[in-house]
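Asks: Need a 3D model of the following:
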Amino acid sequence: MYNIVYNDISPSMDDLTIETYNKIAEKYAETHWDTHSMDKQYCDFINFLNGKRLLDAGCGPGRDTRYFLSKGYRVTSIDKSKGMLAEAQKRVAGGDFREMDMLKLKFKAKMFDGIWCCASLLHIRKSDAARVLTGFNKILKDKGILFLSLKMGRGERIVTYPDGNRRFFSYYSEKEIVELVERNFKVLKVSTQSEKQGDVWVNVFAQKA
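Replies: Numbers count the residues shown, from 1 in each chain. Here you go, the predicted structure:
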C-alpha cells in the first residue's frame, strides 16, 4: 500500500498532474511498461471491436499504443503531458502521438472504431467527465467500442506520494461509472481487478448507442 496523503482540491491545482507527469515521465515509463497485467483487457477490447482505427486517449509513454500497433491496428495517441509524449515517441516506432486535451478533442465525427482510455479519465474532474464521454461518443463510429479503466473509491482528491509528487484523482464505484457511461453508451461488460499496493480498478467496455 502506498503511503499517501490526501489534500483538498483547488481550481489552481488543475495542471498539477500534468506537471508531475512531465517530471516523472522517464521513470514512470520504465515502471509501467509491462503489458501482461492488461492481457485480459486487451483481449476483450479486441473481441468487441469491428474495425482497425483506434484512439489511445491518455496514452502516457505509449505502452498500450505499442501493443495495438503490434496487432495491426491504426492508432492515434493523445496526451496532455509533453514529457509522456516524448517518452512515447522514443519508445514506439511509427506511433502517431499528439498533444491534446480529452476535453478539447480535435477529430472528425465518427472517425474511430474504438477508444482505449486506460487510467486517464481518472485524472479528469467528475464535473467534466460527462463532457469527455460525450466527446468520445461523437468521434466513435456507429457501434464503436469504448474501454475505460478507473480506480474504485469515492470522491476526488489530490494524492501526495512518498516521493513528494502529487496527482489529482477521481474515484468511482462500479454503479457510479456505469450510470455515467450509460448516458451515451450501451455497457457490454464490467470487471474489476486488484493490485498488490491496494488499488482496485473497475474496467468498463461499452458500445456507442
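
Asks: buried set for the longest helix seen in the chain?
Replies: Longest helix in the chain by number of residues (criterion: DSSP state H): helix 16-31. For helix 16-31, burial by neighbour count (16 or more other CB atoms under 10 Å) applies to 16-18, 20-22, 24-25, 28-29. Yep, even glycine has a C-beta here, placed from its N, CA and C like the rest.

Asks: which residues sit in contact with residue 74?
Replies: 52-54 (CB atoms under 8 Å, 6 or more residues apart in numbering).

Asks: Now, of those residues, which are buried?
Replies: The neighbour-count test (16+ other CB under 10 Å) marks residue 54 as buried among the contacts of residue 74.

Asks: Strands along the chain, start to end?
Replies: With DSSP state E as the criterion, the chain has strands at 5-7, 53-57, 74-79, 96-99, 112-118, 140-151, 156-160, 166-170, 185-194, 200-208.

Asks: I'd like these written out as TSV, with distance to residue 39 and mean pLDDT added.
Replies: TSV is the format used below for the strands of the chain (distance: least, CB to CB, whole Å; pLDDT from 0 to 100):
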stretch	distance to residue 39	mean pLDDT
strand 5-7	32	46
strand 53-57	17	98
strand 74-79	18	98
strand 96-99	24	98
strand 112-118	13	98
strand 140-151	14	98
strand 156-160	27	93
strand 166-170	25	95
strand 185-194	11	96
strand 200-208	12	98
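
Asks: Look at residue 175 and say how many residues are nearby.
Replies: Using other CB atoms under 10 Å, residue 175 is surrounded by 10 other residues.

Asks: State the distance from it to residue 98.
Replies: Distance, residue 175 to residue 98, by CB to CB, to the nearest Å: 34 Å.

Asks: do residue 27 as well
Replies: Distance from residue 27 to residue 98, by CB to CB: 23 Å.

Asks: Also residue 119?
Replies: Computed as CB to CB, the residue 119 to residue 98 distance reads 19 Å.

Asks: Which one of the two is surrounded by more residues?
Replies: Shown here are residue 119 and residue 98; by other CB under 10 Å, residue 119 has more neighbours (17 against 13).

Asks: My guess is the more buried one contacts residue 149. True?
Replies: Yes: using CB atoms under 8 Å, residue 119 is in contact with residue 149, at 5.4 Å.

Asks: Find residues that contact each of the two.
Replies: Shared contacts of residue 119 and residue 149, counting by CB under 8 Å, 6+ apart, come down to residue 201.

Asks: hmm, back to that, show me what the longest helix of the chain is in contact with.
Replies: 60-63, 80-84, 86-87, 91, 123, 158, 165-168.
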